[in-house]
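In: Sequence below, structure please.
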Amino acid sequence: MLHSKNLPIFLWAEAVYTACHVLNRTGPTAVNGKSPVELWFKRGPACIDHLRVFGADCFVHVPKQRRHKWDKKSVPGRFTGYCDEKDGYRVWLPDEGRVVVSRDVIFKPEEIVPSTELCIKPTESTSDGLEVVLSKRCVEVGAEEWTSTKRKVEEDVNTEPPAEQEEAQSDPQPSRSKRLVTKPKKYLTDYVLSAEASFPTTFREAMESAEAVHWSKAMNEELCSLKENSVWSLVDLPPGKNVLNTRWVLRVKAKADGTADKYKARLVATGYMQRAGVDYDETFSPVARFDTVRALLSVAATERLKLVQFDVKTAFLYGTLKEEVYVKQPEGFEDGTGRVCKLNRSLYGLKQAPRCWNERLIKFLGEQSLKQATADPCLFTRYRDSNKLIVAVYVDDGIVAGSDTNELETFLTEMEKQFRITRGPLSSFLALGIQVLRDGSIFVSQEGYIRRMLKRFRLDEANAISTPIEVRGCLIDISEPLNEVPYREAVGALMFLMTATRPDIAFAVSIVSQFMDKPCAKSWLSVKRILRYLKGTAAYGLLYRGDDKKALECFSDADFAGDIATRRSQTGVISLYAGTAISWFSQKQKGVALSTTEAEYVAASEAAKELIWLKNLYDELAVVQPKPTLFVDNMGAVKLSKNPEFHKRTKHIAVRFHFVREKWKEGELDVQHIGGEHRKADILTKALAKPRFEALRCQLGLVTLSMKR
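Out: Residues are numbered from 1 along each chain as shown. A predicted model of the protein is given here:
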C-alpha cells in the first residue's frame, strides 16, 4: 500500500489500520460468507460507500477560525485511513508533516489499477474510436527524506458545520469526476532518457554486469587496503551491541573531460543506523574552499611555483576510531562463521569517518612542520629560508605548491611512507580542468563539465546565445507553476559551475534560484537561456598570469530596489588578484534599502568582510602586497564609509554595516570611488547588453586560450 502510492515508511501504522478497516467490512468469512463486521455486530451488510483508495490525493477544508481572509480554503493531502471514534477521514498533510482528522474532504479521481499501463476501452461518450493509454506516474523518494522525516500525528476534529452551498461553488477545490479518462502528464519523460549511466548497487549486480572483471578487481583492491590498515578484527558480537550493515558502492572515476579514469569500489557502512552519543560524537570535518584553491593558483602563477596533485587511496581507513563500532562482513566475501567486524579504524559511511581522517592528516602535516592556516583550516604552509611549500586539501585530494623541487619531492616521499597515494602534475581538481602553460600562467576551466551538463538537459544541440540573462527581462509569472521540469537539478548544476569558475553567470543564477519552490514558464526559459549561453562559452575559463601588478582589489555594487516583488536591492561583490577573479558572489540584500547610498553602503560592508578575509589569506600565503582597495561606484557610500555623514538619512542603518568604516579607520583597507567602464561588479547586479557584458567578462580574467594567444 505504501510503495504503490509512494508514501513514507513512517505511515506504516496508518496502512495497517486502514487494511484492517477495509478487510473487516469487505472480507468474507467461513460463516455464510459474511464479513467480520456483520458477524460481530450481528447486523446487515456493512456500508462501504465511504471507502476510498489508500494514498489518494485529496483536499482538506480549512475552517474559517483557522485561516485569514486571503488564505487558502483547503490544503492538499494524502488519504491514510478512517476514524472510528469521530466522523471523518484521516489525511496526511505532507507540507505540515502531520495527520489530521476531517469530515470535509474532497478527493481527486483515483487510479483504480496501479499498473504500468491502463488501457480504457472507448465508451458511448467517446467521440473517436481510439484506444487511450495512460502512463503510471512514477515518483522516486530519496532515502534521506524517508529517514529524516519525523512522524507528527495530530488529531484535528472539525467543529465547523458543513460549508454553505455558495461557498462550495466558489471554492476552487476539485470535484469528483464521472469519467476516469484524464490527459496524461509526461512527468520528466523526456529527461529520463538523458539520465546518466547507472552503476551496480549490489555485489550480485556487479558480478552479472559486463564490467564484472573491473568491479571484481576494484573490490579486491579495496579489501587489500582494509587488511593492510588493519581496519577490523573478526569477533563474536557482544550482547546488546549494535551492528551496522555494509554495502558496496561502485563508481567510475572520470577525468576532467568526462572520460573514464578508473573503476572504484568502496565498502561503506550504513551510518544512518548509528546512535548519537553511542556510536559517534563529533562529526564536523572541513574542506578547502574554492576561493582558497583559486588564491593558491594565483600565487603559483605569479611566483612560478611547481604544482603537483595527490590523491590518498582509501583515506578514511587511516583514521583512528575512538568509539566501539561493529559491522557485518562484506557482501560476497563472508567467511560463513557468522562473526562480525569490530572496527579498529574508521570506515567509509560512518558519520565520524571524515573527521577521523582529517585529524590523522592534520597530525601528519604538523609533523612535517606545516602550519594550519586560520583563514582556511584546509590550507597548510611552511616557509624555510626563501623556500615556500603550500598544501591545500579537499578530503582525500590535495594540491602541493612549492618553490623548491627538492623540498616538494621530500614532502611527497614522506607522505608516501604514511599513506598510499597517487600523484602527478596538476591537471584536474574538484572537477576543475587546470592547465599550466609554458609561460607559467594557469588556466582553469570546466569545459567537460559544461558539455556533460548540456547533454544531461538535452540542450547540447541548442543554439548558443551571447548573454546569460535578458536585458529588461521579468521572471514574475502568474501562470501555474511547472512541476514537470528538472528545475532544481539544472539550477543546482549551474550553482556549482558558478561557484567554481564562472562569475559571469552569478547574477543570472542568483535570479533563477529565487524560483526553486515554484518555477514558472518564464523562469524555466531563463534557466535554459543560461545553458544556451554556456553552450557558446564552454571553453572560457579563468587565466591567472604572472602580472607585475600583484595587488588585491575588490569591487562592490548594488542595484537599488531591483527586485520588483520585494523591492530589495541586489549586492554584487568581486575580488581580483593580479587582474583575475578570486572571489565573487551576487545575492539579494536582507532588507529594503531606503536610498541608493544605503544600498551601496550595505554592499560595501559585505565586500569589506570578503576583502579582509582575502587579505588574511594572502598574508598566510606569504604574499607581500600593498593595502587592499575597495572600489565603490557611489560617492555617497564612499563618504559614509569614511565619516558618519548624512545622519538624518542613515541613522536607521544597522550597526553591522558600519564594519567597513571601522576597517578603513584602522587602515586595513582603502575605499575609493570608481566610475565609468571600470565598474567590474556591474556584471553581478544587472542584466547588461552584449558589448558591455563581454568587456566586463574580459576584465575579470575570464577568457579562452585562443584569446590569450
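In: Just the mean pLDDT for the host helix or strand of residue 391, thanks.
Out: If you go by DSSP states H and E, residue 391 is part of strand 387-394. Averaged over strand 387-394, pLDDT sits at 96.
In: Note down every partner strand of that strand and its orientation.
Out: With DSSP bridges as the test, strand 387-394 is paired with strand 379-384 (antiparallel), strand 397-402 (antiparallel).
In: what's the offset of that strand from the middle of its chain?
Out: 28 Å (Cα atoms, centre = their mean, to the nearest Å).
In: and that strand, which residues are buried?
Out: Buried residues in strand 387-394, counted by 16 or more other Cβ atoms under 10 Å: 388-394. All C-beta atoms are positioned from the backbone trio N, CA, C, and that covers glycine.
In: which of the strands paired with strand 387-394 sits most buried?
Out: strand 397-402 (a mean of 22; mean count of other Cβ atoms under 10 Å).
In: Could you check how far the next helix or strand after that strand is from the centre of its chain?
Out: Where DSSP H and E defines the elements, the next helix or strand beyond strand 397-402 is helix 405-418. Distance of helix 405-418 from the chain centroid (Cα atoms, centre = their mean) equals 36 Å.
In: Stretch 2-15 too?
Out: 27 Å.
In: and what of stretch 575-595?
Out: That offset, for stretch 575-595, works out to 22 Å (Cα atoms, centre = their mean).
In: Pull out the buried positions in that stretch.
Out: Taking 16+ other Cβ under 10 Å as the criterion, stretch 575-595 shows 575-589, 593, 595 as buried.
In: Mark which of the residues you listed are part of strands, please.
Out: Taking DSSP state E, the ones among the buried residues of stretch 575-595 that sit in strands are 575-577, 580-588.
In: Any chance of those residues in a markdown table with pLDDT and distance to residue 80 as columns?
Out: Output for these, formatted as a markdown table (pLDDT from 0 to 100; distance: Cβ to Cβ, whole Å):
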| residue | pLDDT | distance to residue 80 |
| --- | --- | --- |
| 575 | 97 | 53 |
| 576 | 96 | 57 |
| 577 | 95 | 58 |
| 580 | 95 | 57 |
| 581 | 97 | 53 |
| 582 | 97 | 53 |
| 583 | 97 | 49 |
| 584 | 98 | 48 |
| 585 | 97 | 44 |
| 586 | 97 | 44 |
| 587 | 95 | 40 |
| 588 | 94 | 39 |
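In: Now those residues in JSON lines, please, with extra columns for distance to residue 55.
Out: Shown next, in JSON lines, are those (distance: Cβ to Cβ, whole Å):
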{"residue": "575", "distance to residue 55": "52"}
{"residue": "576", "distance to residue 55": "55"}
{"residue": "577", "distance to residue 55": "57"}
{"residue": "580", "distance to residue 55": "55"}
{"residue": "581", "distance to residue 55": "51"}
{"residue": "582", "distance to residue 55": "52"}
{"residue": "583", "distance to residue 55": "48"}
{"residue": "584", "distance to residue 55": "46"}
{"residue": "585", "distance to residue 55": "43"}
{"residue": "586", "distance to residue 55": "42"}
{"residue": "587", "distance to residue 55": "40"}
{"residue": "588", "distance to residue 55": "39"}
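In: just curious, which of those residues is nearest to residue 507?
Out: Distance to residue 507, by Cβ to Cβ, is smallest for residue 586 among those, at 4.7 Å.
In: before we move on, which element is the nearest residue to residue 292 once chain neighbours are set aside in?
Out: Excluding the flanking residues, the one nearest residue 292 by Cβ to Cβ, 6 or more residues apart in numbering is residue 376, at 4.4 Å. Using DSSP H and E, residue 376 sits within no helix or strand.
In: And for residue 376, the neighbour number?
Out: The tally of other residues near residue 376 (other Cβ atoms under 10 Å) stands at 23.
In: likewise residue 47?
Out: For residue 47, using other Cβ under 10 Å, the count is 9.
In: How about it: what's its closest non-neighbour residue?
Out: Using Cβ to Cβ, 6+ apart, the nearest residue to residue 47 is residue 25, at 7.8 Å.
In: Which pLDDT value belongs to that neighbour?
Out: 82.
In: quick one: the strand or helix carrying it to chain centroid distance?
Out: In this structure, residue 25 sits in helix 12-26 according to DSSP H and E. Centroid displacement of helix 12-26 relative to its chain, using Cα atoms, centre = their mean, is 39 Å.
In: Now do that helix: which elements does it pack against?
Out: helix 36-41, strand 74-83 (3 or more Cβ pairs under 8 Å, 6 or more residues apart in numbering; DSSP states H and E).
In: Send me stretch 450-464 as PDB with only the CA atoms.
Out: Extracted in PDB, the C-alpha atoms of stretch 450-464 (Å, rounded to 0.1, in the frame of the first residue of the first chain):
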ATOM      1  CA  ILE A 450      29.600  22.100 -19.200                       C
ATOM      2  CA  ARG A 451      29.400  19.700 -22.100                       C
ATOM      3  CA  ARG A 452      28.000  16.900 -19.900                       C
ATOM      4  CA  MET A 453      25.500  19.300 -18.300                       C
ATOM      5  CA  LEU A 454      24.200  20.400 -21.700                       C
ATOM      6  CA  LYS A 455      23.800  16.800 -22.700                       C
ATOM      7  CA  ARG A 456      22.100  16.000 -19.400                       C
ATOM      8  CA  PHE A 457      19.400  18.600 -20.000                       C
ATOM      9  CA  ARG A 458      19.200  17.900 -23.800                       C
ATOM     10  CA  LEU A 459      20.500  21.300 -24.800                       C
ATOM     11  CA  ASP A 460      23.700  20.100 -26.400                       C
ATOM     12  CA  GLU A 461      22.200  20.800 -29.900                       C
ATOM     13  CA  ALA A 462      20.600  24.200 -28.900                       C
ATOM     14  CA  ASN A 463      21.600  27.400 -30.500                       C
ATOM     15  CA  ALA A 464      24.200  29.500 -28.500                       C
END
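In: Is the residue most central in space within the chain in a helix, a strand, or coil?
Out: Closest to where the C-alpha atoms of the chain average out (Cα atoms, centre = their mean) is residue 492, at 6.0 Å. Using DSSP: H, G, I helix; E, B strand; the rest coil, the structure places residue 492 in helix.
In: mind giving me the domain ranges of this structure?
Out: Recorded structural domains for the chain (assignment: automatic domain parsing) are 9-113+150-180, 203-430, 466-708.
In: Now the ones you listed in a markdown table, please, with extra columns for distance to residue 448.
Out: Formatted as a markdown table, the domains of the chain follow (distance: least, Cβ to Cβ, whole Å):
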| stretch | distance to residue 448 |
| --- | --- |
| domain 9-113+150-180 | 38 |
| domain 203-430 | 4 |
| domain 466-708 | 9 |
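In: For residue 449, which of those domains is the nearest?
Out: So among the domains of the chain, domain 466-708 is nearest, using Cβ to Cβ, at 6.5 Å.
In: residues touching the residue nearest to residue 47, list them.
Out: Residue 25 makes contact with 35-37, 46-48, 51, according to Cβ atoms under 8 Å, 6 or more residues apart in numbering.
In: Against residue 34, how distant is it?
Out: Distance, residue 25 to residue 34, by Cβ to Cβ, to the nearest Å: 11 Å.
In: Strands of the stretch 201-350 of the chain, residue ranges please.
Out: 232-235, 243-244, 246-254, 260-269, 306-312, 326-327, 340-343 (DSSP state E, counting those that start in this stretch).
In: So for residue 222, which of the ones you listed sits nearest?
Out: Nearest of the strands of the stretch 201-350 of the chain (Cβ to Cβ): strand 260-269, 4.8 Å.
In: Can you list the buried residues in the closest one?
Out: So, applying 16+ other Cβ under 10 Å, buried residues of strand 260-269: 263-269.
In: just to revisit the earlier point, narrow the contacts of residue 25 to those that are buried.
Out: Here, 16+ other Cβ under 10 Å leaves 35-37 buried among the contacts of residue 25.
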